[in-house]
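J.: Sequence and predicted structure, then a few things I'm wondering about:
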Number of protein chains: 2
Amino acid sequence: MTNGRVQFISQVPLFQGLPERQLVELTEITVERSFAKGDPVFFEGDEGNGFYVITSGKIRIFKVSPEGKEQILHMFGPGEPFGEVPVFEGGRFPANAEALESCSLLFFPRRDFVRLIEKNPSLALNMLAVLSRRLRFFTRLVDDLSLKEVPGRLAAHLLNLSSRNGLSDLVELDMAKTHLASLLGTIPETLSRILSRLVKSELIEMEGPRIRILDRENLEHLAETGKGLV
Amino acid sequence: MTNGRVQFISQVPLFQGLPERQLVELTEITVERSFAKGDPVFFEGDEGNGFYVITSGKIRIFKVSPEGKEQILHMFGPGEPFGEVPVFEGGRFPANAEALESCSLLFFPRRDFVRLIEKNPSLALNMLAVLSRRLRFFTRLVDDLSLKEVPGRLAAHLLNLSSRNGLSDLVELDMAKTHLASLLGTIPETLSRILSRLVKSELIEMEGPRIRILDRENLEHLAETGKGLV
DNA sequence: AGAAGACCTTGATCTAAGTCAAGCCTCCAC
DNA sequence: GTGGAGGCTTGACTTAGATCAAGGTCTTCT
């Protein structure tokens, strides 16, 4: 079964381009952990002595306000790493992580992983690329939250889903609308209303979680300007 | 003058703990660049073929909406690096950088810097720590923007200034209020009103950019809950 | 099957904060 | 000095989106 694990690890983008030997060493330091749907993986403020890579399932990373409102920061799926910040900076996890469905994760203990990085510059560069991509993502998230209105964020999200789907006009929401609301920095009621408006304005059609883009041009305009939905 | 540069570089946290030889090599790849007050250093979307470390002066990193509203992401001072994302991930700068005052910067060309990192794991780990710290910062920024109201963000900022100042009750805003507004994700009018409210509620005293914290306890409560200012 | 609960939608209301407008002060530059 | 520009404050108004409340649908577990 360790063979299977090496095989899996070799497919993870974070470990792309590493020599076989490194992959084996990486595999040897991992611990497999399973979580049921709804289980917390860690809480904000927990001591972080390692990070995770998802083997199967989905994880959401989120913050909670004192009143209980949640802001989702990331949704991660198979092959994606999370919880790396305390590995390199020390200290605690800056947000919560929860299994959205039954999940299987590989845990990389901090100390061992840092030792491997010290021996292997490629691994370091891969990790730098991962963190950089995440910074780029956050830059956009801050931009969206601060400078766009909810319709603009939603439009951008739909177009994003579409482009991941080969620019198909038919997209399927890959999470509950409640979670999508939290990802967009709003609440389910508001999301629901805005989706209705998009349907009424004939920018989209909707049937449950399946959405058809009818007017890509105006949707793009909405996503860019962040304003102006009737 | 290269000696002076090595001396400076050895003080930069990013290069902490590196052997003398590495410091010299680092120095050798740098290019010095000067900017006058108000000069752009780069624009969002520019090709990023290197990053900067500030020798003197202040830099602000910000996004602009199509209507011209700005959200400041960072304010950086001497010894701090910026513009690293494209170095490790390729592509373009995710935001704009501008000199707030006359600035002197060291430019590290991407190709040379990556070559040094490949030879030096400590440098890689230092850089990973820098990016991790920045991720942590963004996590908080998103949390603030999405889950707190402006008074809460302001209170948190004031307490932050105070704690950097050895918990002195007397803090001095280190930027124009217009910029502070943009940093907090709001506009000057709103900031002005909320400062007035804090004064009226006797949480602070204010005289221009000098602010005295009168009621730290309530200010902390405001910063944590993000709600509840009368 | 039936009960329980999660999820989604719609309506009425409320509020934080943005917009528009005007006036003031301060700091330079000419 | 004087004029102008940028920054700051205050007031009246508007609005995006949150809150509160209720009803409907769909899952899931016993």
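T.: Happy to help now that I have it. This one's a predicted model, so the numbers in the text were calculated from it and none came from an experiment.

J.: my read: residue A:17 touches residue A:126, true?
T.: Yes: in this structure residue A:17 lies within contact range of residue A:126 using CB atoms under 8 Å: 7.3 Å. All C-beta spots, glycine's among them, are computed from the backbone N, C-alpha and C.

J.: between the two, who's got more neighbours?
T.: A direct count of neighbours by other CB atoms under 10 Å in any protein chain shown for residue A:17 and residue A:126 places residue A:126 higher, at 20 against 11.

J.: Where does that one sit: helix, strand or coil?
T.: helix (DSSP: H, G, I helix; E, B strand; the rest coil).

J.: List the residues that contact it.
T.: Residue A:126 sits next to A:13, A:14, A:15, A:16, A:17, A:18 when contact means CB atoms under 8 Å, 6 or more residues apart in numbering or on different chains.

J.: make it 7 Å
T.: Under the criterion of CB atoms under 7 Å, 6 or more residues apart in numbering or on different chains, the neighbours of residue A:126 are A:14, A:15, A:16.

J.: Buried ones among those?
T.: Applying 16 or more other CB atoms under 10 Å in any protein chain shown to the contacts of residue A:126, the neighbour count classes A:14, A:15 as buried.

J.: between the contacts of residue A:126, which is nearest residue A:47?
T.: Of all these, residue A:47 sits closest to residue A:14, with 22.6 Å by CB to CB.

J.: With secondary structure added, can I get the contacts of residue A:126 in JSON lines?
T.: As requested, the contacts of residue A:126 are exported to JSON lines (three-state DSSP):
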{"residue": "A:14", "secondary structure": "helix"}
{"residue": "A:15", "secondary structure": "helix"}
{"residue": "A:16", "secondary structure": "coil"}
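
J.: Export the contacts of residue A:126 as JSON lines, with columns for distance to residue A:214.
T.: Below are the contacts of residue A:126 laid out as JSON lines (distance: CB to CB, whole Å):
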{"residue": "A:14", "distance to residue A:214": "38"}
{"residue": "A:15", "distance to residue A:214": "41"}
{"residue": "A:16", "distance to residue A:214": "38"}
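
J.: Which member of the contacts of residue A:126 is positioned nearest DNA strand C?
T.: residue A:14 (30.1 Å; CB to the nearest atom of the strand).

J.: The closest one and residue A:33: what is the separation?
T.: In this structure, residue A:14 and residue A:33 are 18 Å apart, going by CB to CB, to the nearest Å.

J.: ok, now residue A:58?
T.: 15 Å.

J.: And for residue A:85?
T.: From residue A:85 to residue A:33 the distance is 19 Å (CB to CB).

J.: neighbour count winner among the two?
T.: Shown here are residue A:85 and residue A:33; by other CB under 10 Å, residue A:85 has more neighbours (26 against 13).

J.: which residues does the spatially closest residue to the more buried one that is not a sequence neighbour contact?
T.: Sequence neighbours aside, residue B:132 is the residue nearest to residue A:85 in space, at 4.6 Å (criterion: CB to CB, 6 or more residues apart in numbering or on different chains). Contact partners of residue B:132, counting by CB under 7 Å, 6+ apart, are A:85, A:88, A:89, A:131.

J.: okay, now the closest residue to residue A:12 other than its chain neighbours: neighbour count?
T.: Nearest non-adjacent residue to residue A:12, counting by CB to CB, 6+ apart: residue A:79, 5.0 Å away. Number of residues near residue A:79 (other CB under 10 Å) recorded here: 16.

J.: returning to that earlier point: can you say which helix or strand has the residue nearest to residue A:85 in it?
T.: Per DSSP states H and E: residue B:132 is located in helix B:121-147.

J.: ok, now residue A:162?
T.: Applying DSSP H and E, one finds residue A:162 within helix A:150-164.

J.: Packing partners of that helix?
T.: Helix A:150-164 is packed against strand A:170-172, helix A:188-200, strand A:210-213, helix A:216-225, with contacts defined by 3 or more CB pairs under 7 Å, 6 or more residues apart in numbering or on different chains; DSSP states H and E.

J.: do that helix and DNA strand C meet?
T.: No: under the criterion of CB under 7 Å from any atom of the strand, DNA strand C is not reached by helix A:150-164; the shortest gap measures 11.7 Å.
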